[in-house]
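> sequence first, predicted model second:
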Amino acid sequence: MLVRIGELPPAPLAAAAAFHRGELPRIEAALAEASHEVTLVFPPADHTHRGWRLAAVQSLTRAHAPRRVNAIVSDEPPAIAAAERFLRANGGVTGQLLVLDGVGAGSVVS
């Protein structure tokens, strides 16, 4: 199940606060409904957001085991679809934050 995260403030601390206040209840509800996995889709942001995003994903993973929780950072539908296929095919992957860059890295290979 994909859960798309809405736009967040540009400053990392403000973004983390907005995520926990506004998005976390929706994610918890999705995890209650999901049977196996939930993949969060964050909009792109600079490297200063990596720490709080990874901590949130790992905390959700621990709290909702054995369900798998991962996150993708992208706004490119083909890249998101390819990453979702990869995660579904690799059932041992959980608690990860995958930052995708279909422009800088070239075309998505799946």
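Yep, it's here.
> give me the below-cutoff pLDDT ranges for the protein.
Within the chain, the stretches with pLDDT under 70 are 102-110.
> can you give me the helices in this protein?
12-18, 24-33, 50-63, 77-89 (DSSP state H).
> which ones are touching the residue positioned nearest the centre of the chain?
A centroid search over the chain (CA atoms, centre = their mean) returns A71, at 2.0 Å, as the residue closest to the centre. Residues in contact with A71 (CB atoms under 8 Å, 6 or more residues apart in numbering) are 39-42, 53-54, 56-57, 96-98. C-beta here means a position set from N, CA and C on the backbone, and glycine is covered the same way.
> just the buried residues of those residues.
39-42, 53, 56-57, 96-98 (16 or more other CB atoms under 10 Å).
> ok, back up a step: so who does the nearest residue to the residue nearest to the centre of the chain once chain neighbours are set aside touch?
Excluding its sequence neighbours, the residue lying closest to A71 (CB to CB, 6 or more residues apart in numbering) is L40, at 4.1 Å. By CB under 8 Å, 6+ apart, the residues touching L40 are 2-5, 27, 57, 69-72.
> let me know the closest of the residues you listed to I80.
Proximity of the contacts of L40 to I80 was ranked by CB to CB; the top entry is I72 with 5.7 Å.
> and the gap between the closest one and H47?
Computed as CB to CB, to the nearest Å, the I72 to H47 distance reads 16 Å.
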